[in-house]
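Undergrad: make a model of this:
(one chain, ligands or ions: 1)
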Amino acid sequence: MKRLLHIIATPREEESRTLQVSATFLEAFQEKHPDWLIDELDLSKEELPPLSAKSVSGKYVLLGGKDLYGSLKETWQEILQHIDRFKTADFFLISTPMWNFHIPYMLKHYIDLIVQPKYLFHYKKDGTTEGLVVGKKMVVITSRGGQYSGPLKSFDHQEPYLRAIFGFVGISDIDFINVEPMDMGEETRKQKIADAQKIARSMGSNA
Ligand SMILES: Cc1cc2nc3c(=O)[nH]c(=O)nc-3n(C[C@H](O)[C@H](O)[C@H](O)COP(=O)(O)O)c2cc1C
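TA: Numbering: from 1, shown residues only. Here you go, the predicted structure:
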């Protein structure tokens, strides 16, 4: 069964503007692909393992071209489960608000856990890196209090970062729906959410 991994990085549940647009995308996607499994990973509810001195040492073992050994294997069990859940998904949907011009810390934590040498990227003989998650598509739905498509564009560290990190692991086919501005009046917010839902519906039924 094919699987869409929906990574949620807002704790606001029913209050979330981002999730209102994601819900529309998912509705259209599920109409088109009724046989797909929607696998929801809610990062505010998930207890992600910490990046402790020991778990981080595993990254350096892998960077040195070696396999995890001894008790490191046990320390990495949960990390490997998250890597596997990500890597075996067929389609990715990320729902994230902008927090301080970037992504919320729980999404960064998740990225720091899963982006690991040998699993999501590797070094080629010439020393350059190559992403290992290939041929897959990602849709990112963000919402922001302000407006970043105009003079404040350079403050948007969210879309460029997400394109860079997921491009690094091999996912270059990424579409963004940035819902903005959300915190500049109720009328504007409602209108922008409705506009974004139209785009999301069309994107979901063409995915
Ligand atoms: C901790 C925090 C930081 C925020 N930082 C920004 C910011 O840097 N720029 C911005 O435009 N909005 C910022 N916002 C506003 C949210 O991006 C905006 O309200 C968004 O629509 C919330 O999405 P949600 O309802 O899906 O959680 C911030 C909100 C919070 C809670």
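Undergrad: ok, the one residue sitting closest to the centre of the chain to residue 177 distance?
TA: Computing the C-alpha centroid of the chain and ranking residues by Cα atoms, centre = their mean puts residue 94 first, at 4.2 Å. Here residue 94 is placed at a distance of 11 Å from residue 177 (Cβ to Cβ, to the nearest Å). To be clear about C-beta, it is placed using only N, CA and C from the backbone, and glycine gets the same treatment.
Undergrad: overlap in contacts, these two.
TA: By Cβ atoms under 8 Å, 6 or more residues apart in numbering, residue 94 and residue 177 have these common neighbours: 139-141.
Undergrad: tell me the pLDDT at residue 169?
TA: Per-residue pLDDT puts residue 169 at 98.
Undergrad: wait, I meant residue 36
TA: pLDDT, read off for residue 36, is 98.
Undergrad: you'd agree it is up against residue 6?
TA: No - using Cβ atoms under 8 Å, residue 36 is not in contact with residue 6; the gap is 11.1 Å.
Undergrad: list the residues that contact the residue nearest to residue 199 when sequence neighbours are not counted.
TA: Leaving aside its sequence neighbours, residue 199 sits nearest to residue 177 (Cβ to Cβ, 6 or more residues apart in numbering; 5.5 Å). By Cβ under 8 Å, 6+ apart, the contact set of residue 177 is 21, 25, 139-142, 196, 199-200, 203.
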